[in-house]
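Q: sequence and predicted structure are below.
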Amino acid sequence: MLRKKLAILLIATLALFLGACNRNKIKNPIAGLDSKQPDKVLYDRAVEALNKNKYDVARITLQTLINTYPDSEYIARAKLTVADSWYKEGGSAALAQAEQEYKDFITFFPNMPEAAEAQMKVAGIHYRQMEKPDRDYTHAKRAEDEYREMVRMFPDSSLLPEAKKRLMEVQEVLAEREFRVGRFYFLRESWPAAIARLKSLSDTYQLYSGADEVLFMLGSAYEREMDMVRNSRFSEIQKSNLLSDMKRKAGDAYGRILTRYPAMDRAEEATKRLTDLGLPVPTASQEMLSQNQAEEQSRSEMGRIGKMMRMMRSRPDVSRAVKVGEPVLQDPPPTHATDVVRNMTAVADAGPGASTVSAETVKGDPLKNEAVPRSDDGPASNPPPTPVNDAITSGSQTDKGATADKVDKKSESTSKKKKKKGLAKLNPF
């Protein structure tokens, strides 16, 4: 009986091994054609060498074909196979070369069916090198850009569903990074910076697995700002303007949880917050409820062993990525901390109607090179810099004619900046 079990196990292992070998082989679409043409012979030899992992031999053979027979019908396949050889070889340098070869193929043969496959390979190069949210996110952003390009350039390709699935996984990782940055500012009580990050995240990645948590934290940040305003020395009119505007924005954040994410965990607590604020509690439509339930059911959970092994891997966990719906193909204009402060200043001076004043949108990512605080992987080696503006701490403190306290000039640095007063504290720069 034991011998029989061992024999079955051996056969199953051998079958898996052979299957893996077959998957790694490069298929030759013209292998069955009976031809003695020298260009076809060269192509067949290159594919055979590639399947035996003789990458240099395969590339030399293919280059011979390209240089010797420039009008051959196999030129396009030869160029694509050169790119495949670099892709299969792996390694940072080889993958970079593969990306360039694939890009060249798409440029010269954009109408061939293999062009969509080449674009998928380009995106896959960065997907393979993608790291955790608290580490370098360069490859994640490049993967997002390339998958978006795939969706835009080849809308009729059979690879489109796979591209969208991968794109949503990449966007889950990018959204998690943004959430960690926003949470860092929230815990540091830097409300303008937290509001800017969380609002940009909620506007951009609406399929993020923690979207309800993002909106709940955004509403809480507005409420904390309200507490700061109540304890400040602003005039009563300024306080009234700011409190009215922040209350409305907090209500919008909580209300969006109930209308867009009614099946998620924060819905019940958002209802309580709206009641405490004295604001109406919206109800989600049946269509939106069904949509959100489908999104939550499509997510998967990493197993216990996977969670234990996650500490030793550099690859991110994409199990929580949604598998239904449409990914984001174009980012909306981001919100920056300076926009938040400028808007608050306008509201305090002109009233709630000033909250609609358009703020300047700065192109690019102002925190592009900023390290993200780690969560389960220990402290980050380079935490985000301490924001200059932590909160609205106080209003007007002294009249223009009031004299400042005397300072011992010997013990104080001459380069020390003067403290800002009144509404100037809203400006973090």
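A: Okay, I see it.
Q: other SSEs contacting the longest helix seen in the chain?
A: The helix that spans the most residues within the chain, counting by DSSP state H, is helix 160-187. Identification of packing neighbours for helix 160-187 by 3 or more C-beta pairs under 8 Å, 6 or more residues apart in numbering; DSSP states H and E yields helix 114-128, helix 138-153, helix 191-204, helix 211-230. (C-beta placed from N, C-alpha, C; glycine too.)
Q: mean neighbour count, those helices: which tops it?
A: Relative to the other members of these, helix 191-204 carries the highest mean neighbour count by mean count of other C-beta atoms under 10 Å, namely a mean of 25.
Q: what does it rub up against?
A: 175, 178-179, 181-183, 185-186, 208, 211, 214-215, 217-218, 221-222, 224-225, 228, 253, 256, 328, 331-332, 334-337, 339-341, 344, 387, 389-392, 428 (C-beta atoms under 8 Å, 6 or more residues apart in numbering).
Q: which element is residue 271 on?
A: Element membership of residue 271, judged by DSSP states H and E, is helix 267-276.
Q: count of residues packed around residue 92?
A: By the measure other C-beta atoms under 10 Å, the count of residues near residue 92 is 9.
Q: so what's it up against?
A: Contacts here follow C-beta under 8 Å, 6+ apart; on that basis residue 92 touches residue 129.
Q: and it, how close does it get to residue 126?
A: When distance is defined by C-beta to C-beta, to the nearest Å, residue 92 is 11 Å away from residue 126.
Q: list the buried residues of stretch 155-171.
A: By 16 or more other C-beta atoms under 10 Å, the buried positions in stretch 155-171 come out as 157, 163, 164, 165, 166, 167, 168, 169, 170, 171.
Q: residue 272: which of the residues you listed is nearest?
A: For those, the residue nearest residue 272 by C-beta to C-beta is residue 171; the value is 30.4 Å.
Q: can you pull the contacts of the nearest residue to that closest one once chain neighbours are set aside?
A: When the adjacent residues along the chain are set aside, residue 171 lies closest to residue 205, with 5.5 Å between them (C-beta to C-beta, 6 or more residues apart in numbering). The contact partners of residue 205, by C-beta under 8 Å, 6+ apart, come to 171, 172, 174, 175, 178, 211, 328.
Q: I'd like those residues written out as JSON lines, with distance to residue 139 and pLDDT added.
A: Formatted as JSON lines, the entries for the contacts of residue 205 read as follows, by distance: C-beta to C-beta, whole Å; pLDDT from 0 to 100:
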{"residue": "171", "distance to residue 139": "14", "pLDDT": "97"}
{"residue": "172", "distance to residue 139": "15", "pLDDT": "97"}
{"residue": "174", "distance to residue 139": "11", "pLDDT": "97"}
{"residue": "175", "distance to residue 139": "16", "pLDDT": "97"}
{"residue": "178", "distance to residue 139": "16", "pLDDT": "97"}
{"residue": "211", "distance to residue 139": "24", "pLDDT": "97"}
{"residue": "328", "distance to residue 139": "18", "pLDDT": "94"}
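Q: of these, closest to residue 316?
A: Distances from the contacts of residue 205 to residue 316 were compared by C-beta to C-beta; the smallest belongs to residue 172, at 8.3 Å.
Q: residues near the nearest residue to the closest one once chain neighbours are set aside, how many?
A: Using C-beta to C-beta, 6+ apart and skipping residues adjacent in sequence, the residue nearest residue 172 is residue 321, 3.9 Å away. Each residue near residue 321 was counted by other C-beta under 10 Å, and the total is 25.
Q: pLDDT value on residue 321, please?
A: We note a pLDDT of 95 for residue 321 in this prediction.
Q: same question for residue 54.
A: As summarised for this prediction, residue 54 has a pLDDT of 94.
Q: follow-up on the earlier one: taking the contacts of residue 205 together, which two end up most distant?
A: Spatial extent of the contacts of residue 205 (C-beta to C-beta) is set by the pair 174 and 211 at 13.4 Å.
Q: and the residue nearest to residue 295 when sequence neighbours are not counted, its phi and psi?
A: Nearest residue to residue 295 in three dimensions, chain neighbours excluded: residue 322, at 5.1 Å (C-beta to C-beta, 6+ apart). Recorded main-chain torsions at residue 322 are phi -70, psi 150, according to degrees, to the nearest 10.
Q: surely residue 322 and residue 294 touch.
A: No. Counting by C-beta atoms under 8 Å, residue 322 does not reach residue 294; the two are 9.1 Å apart.
Q: neighbour-wise, which of the two wins?
A: For the pair residue 322 and residue 294, the greater number of neighbours falls to residue 322 (22 against 14), based on other C-beta under 10 Å.
Q: now a ChimeraX select for only the buried ones of the contacts of helix 191-204.
A: Applying 16+ other C-beta under 10 Å to the contacts of helix 191-204 leaves a buried subset, and the ChimeraX line that selects it is:
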select :175,178,179,181,182,183,185,186,208,211,214,215,217,218,221,222,224,225,228,253,256,328,334,335,336,337,339,340,341,344,387,389,390,391,392,428
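Q: phi and psi next, for residue 40.
A: Per degrees, to the nearest 10, the residue geometry at residue 40, taken as phi and psi, is phi -70, psi -40.
Q: and it, how far is that from residue 49?
A: Counting by C-beta to C-beta, the separation of residue 40 from residue 49 is 15 Å.
Q: one step back: determine how far the longest helix of the chain lies from the middle of the whole chain.
A: 3 Å (C-alpha atoms, centre = their mean, to the nearest Å).
Q: chain center to stretch 268-281, what's the gap?
A: Offset of stretch 268-281 from its chain centre (C-alpha atoms, centre = their mean): 30 Å.
Q: which residues does the most centrally placed residue in the chain contact?
A: Geometric centre of the chain, nearest residue: residue 174, 1.7 Å, by C-alpha atoms, centre = their mean. Applying C-beta under 8 Å, 6+ apart to residue 174 gives the contacts 133, 137, 140, 141, 144, 205.
Q: and residue 313, how many neighbours?
A: 11.
Q: how many residues are close by residue 320?
A: Residue neighbour count, defined by other C-beta under 10 Å, stands at 16 for residue 320.
Q: identify the residue nearest it in space, chain neighbours excluded?
A: Leaving out its chain neighbours, residue 320 is closest to residue 209 (C-beta to C-beta, 6+ apart), at 4.1 Å.
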